[in-house]
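S.K.: Got a predicted structure plus its sequence, pasted below:
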Amino acid sequence: MAHFAELDSNNKVLRVVVACNEDIANNGGEQSEQAGEHFKTVCPLSENGVKWIQTSYNNNFRKQYAGINFTYDPVKNKFLSPQIFSSWSLDANDEWKAPVAYPTIRTYGDNIPYLILWDEDNLRWIGKDKQNNIFAWLSETLSWVATGN
């Protein structure tokens, strides 16, 4: 089965639907504009839709499987996931990265994992233990420190 993402005028994904492989093969083939144009006759665009573009369920092309609110970058020919936090930026692989590297120490005590979350207000990683005590990750010293919460 093939999958198509419906794009709006800003290249935002509105929806993703399944298509018949035979329709794709008979109308330009995989990843072709012709297949996307033909797909309009099979599945009409919604009110804000302007284009269908094929996406790969197995991430074989266009970086990753498109989802609602993803953006299609026509220059890179990739689907990009939505920005997670306003402080995060895309790296060279078009992955969203925090301004602080993810903690290298992920456990405490007898190898019990922290629940690690991004704290956008303070631009830092925090870890919660089983008692919901909160620790802040100090990237300078590569250690956790209790926050007093």
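M.R.: Cool, got the structure.
S.K.: Looking at the chain, which helix is longest?
M.R.: If you go by DSSP state H, the chain has its longest helix at helix 33-42.
S.K.: Figure out how far the helix or strand just after it is from the centre of its chain.
M.R.: Sequence order places strand 51-55 as the next helix or strand after helix 33-42, per DSSP states H and E. The chain centre lies 17 Å from the centre of strand 51-55; the measure is CA atoms, centre = their mean, to the nearest Å.
S.K.: for strand 51-55, what is the average pLDDT?
M.R.: Per-residue pLDDT over strand 51-55 has a mean of 96.
S.K.: do the same with stretch 112-129
M.R.: Here the average pLDDT along stretch 112-129 is 96.
S.K.: Restrict that stretch to CA atoms and write it as CSV.
M.R.: Extracted in CSV, the C-alpha atoms of stretch 112-129 (Å, rounded to 0.1, in the frame of the first residue of the first chain):
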residue,chain,number,x,y,z
ILE,A,112,17.0,2.9,38.5
PRO,A,113,16.2,5.2,35.5
TYR,A,114,15.2,8.8,35.9
LEU,A,115,12.1,10.0,34.1
ILE,A,116,13.9,12.6,32.0
LEU,A,117,12.0,15.6,30.7
TRP,A,118,12.8,18.9,28.9
ASP,A,119,12.2,22.0,31.0
GLU,A,120,11.5,24.7,28.4
ASP,A,121,11.1,27.5,31.0
ASN,A,122,14.6,27.0,32.3
LEU,A,123,16.2,25.5,29.2
ARG,A,124,17.5,22.4,30.9
TRP,A,125,16.8,18.7,31.4
ILE,A,126,15.2,17.5,34.6
GLY,A,127,15.0,14.0,36.0
LYS,A,128,12.4,12.7,38.4
ASP,A,129,13.0,9.7,40.6
